[in-house]
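# A predicted structure for the sequence below; I have some questions about it.
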Amino acid sequence: MIKRLVVGNWKMNGLGSTFVEVSKLSDALDQIDIKNDVLLCPPATLLAGLSQKFSSSKLAFGGQDCHSQASGPYTGDISAEMLRDAGATCVILGHSERRIRYNESSSAIKKKAAAAHRAGLNSIICVGETLDERQKGLAIKTIDSQLTASLPSGCNANNVTVAYEPVWAIGTGLTPSVHDVGGMHTHIRDTLSKKFKNGEKFRLIYGGSVKPENVSWLAGADNVDGVLVGGASIRAKDFLEIIVKCGVVHDDFR
Ligand code: PGA
């Protein structure tokens, strides 16, 4: 049985005042028995403060991107070692907002993932097709090529989680059908099983417009081991509901 993972990706949102929301979330999680791992990825400015303040909570903290080098003349960038030093256990890599807006290639993501593992972080490697690719019947081909080119050597089910995030579902309120999510996750599971020893054990999470209202069926799709949540992770109330419902699916829907 693969333990489920619920990830909150705050993107470029959150000021010092947001600590209040994390306090509410942490207090609520203390009162309940959760079956999932929960990872919060705030902007880098909040990472050290949050990870220190909530070090004994049920929350783990992660980064949203990293550089492939450990240090050097890269103004504005953050290394995996720095994230680790700030209390991160994991980093999101290859998010479509970075692949598309910053022209990040799969080979650059592969180097970043290798850097994350070098620094002792786990990585969440995102893959996803655009609407155009889906409409042209190229979704599987796109995912296959992103998987092949983005996963570094030495990756395994303990240090990598794969997030399937159809680009057209991110921040739009649109979601694929349960059949499409399950079909793609099953395809990714089969691909990783053939490619890696124990590849069937990789955690595969779904992301794109996950909300309290749709998480039960999205997380209940075949081979979905958790969710990556953007907009709905910022309010403690919504994120808590997603965490709880994602855990319930585990027992009742599978
Ligand atoms: P969303 O974002 O939940 O706001 O669609 C998901 C993501 O970007 O990972």
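Looks like it came in fine.
# With adjacent residues omitted, what lies nearest to the residue of the stretch 151-254 of the chain found nearest the ligand?
Closest residue of the stretch 151-254 of the chain to the ligand, C-beta to the nearest ligand atom: residue 230 (2.2 Å). Glycine gets a C-beta too; all of them are placed from N, C-alpha and C. Nearest non-adjacent residue to residue 230, counting by C-beta to C-beta, 6 or more residues apart in numbering: residue 9, 5.1 Å away.
# Around the ligand, which positions in the stretch 1-150 of the chain sit nearby?
With the criterion set to C-beta under 6 Å from any ligand atom, the stretch 1-150 of the chain comes near the ligand through residue 9.
# residue ranges with poor pLDDT in the protein?
249-254 (pLDDT under 70).
# And the strands in it?
5-9, 37-41, 59-63, 90-93, 122-127, 160-164, 203-207, 226-229 (DSSP state E).
# ok, and what's touching the second one?
Spelled out, it's strand 37-41. 3-10, 22, 29, 50, 58-64, 89-92, 226, 233, 243 (C-beta atoms under 8 Å, 6 or more residues apart in numbering).
# any chance you could map the helices in the stretch 1-150 of the chain?
Secondary structure of the stretch 1-150 of the chain (DSSP state H, counting those that start in this stretch): helices located at 19-31, 44-53, 80-85, 96-101, 106-118, 131-135, 139-150.
# Ok, which of the ones you listed comes nearest residue 183?
helix 139-150 (8.9 Å; C-beta to C-beta).
# Show the secondary-structure elements that that closest one is packed against.
Other helices and strands packing on helix 139-150, by 3 or more C-beta pairs under 8 Å, 6 or more residues apart in numbering; DSSP states H and E, are helix 106-118, strand 122-127, helix 131-135, helix 178-195.
# Out of these, which one sits most buried?
strand 122-127 (a mean of 26; mean count of other C-beta atoms under 10 Å).
# can you tell if stretch 204-214 touches the ligand?
Yes - counting by C-beta under 6 Å from any ligand atom, the ligand has neighbours in stretch 204-214: 207-210.
# can you count the residues close to the nearest residue to residue 246 once chain neighbours are set aside?
Spatial nearest neighbour of residue 246, excluding adjacent residues (C-beta to C-beta, 6+ apart): residue 219 at 4.8 Å. Residues lying near residue 219 (other C-beta atoms under 10 Å) number 27.
# Please look at residue 61 and residue 50 and confirm they touch.
Yes - assessed by C-beta atoms under 8 Å, residue 61 is found in contact with residue 50 at 5.8 Å.
# so what's in contact with the two at the same time?
With C-beta under 8 Å, 6+ apart, residue 61 and residue 50 have common neighbours 40, 42, 87.
# mind listing what the last one touches?
When you say that, I think you mean residue 87. 47-48, 50-52, 55, 61.
# Show me just the buried residues among the residues you listed.
47-48, 50-51, 61 (16 or more other C-beta atoms under 10 Å).
# What sits closest to residue 55 if chain neighbours are left out?
residue 87 (7.4 Å).
# what's the distance between that neighbour and residue 39?
Here residue 87 is placed at a distance of 12 Å from residue 39 (C-beta to C-beta, to the nearest Å).
# do residue 122 as well
9 Å.
# Quickly list what's touching both of these two.
89-90.
# mind listing what residue 236 touches?
21-22, 24-25, 28.
# 7 Å - rerun?
Contact analysis of residue 236 by C-beta atoms under 7 Å, 6 or more residues apart in numbering lists 21, 24-25, 28.
# got it, and residue 194?
With C-beta under 7 Å, 6+ apart, residue 194 has no contacts at all.
# which residues touch residue 152?
So residue 152 contacts 110, 113-114 (C-beta under 7 Å, 6+ apart).
# got CSV for these, with distance to residue 214 too?
Converted to CSV, the contacts of residue 152 look like this (distance: C-beta to C-beta, whole Å):
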residue, distance to residue 214
110, 32
113, 29
114, 34
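# Could you point out which of these is nearest to residue 78?
Of the contacts of residue 152, the one sitting nearest to residue 78 (C-beta to C-beta) turns out to be residue 113, at 15.0 Å.
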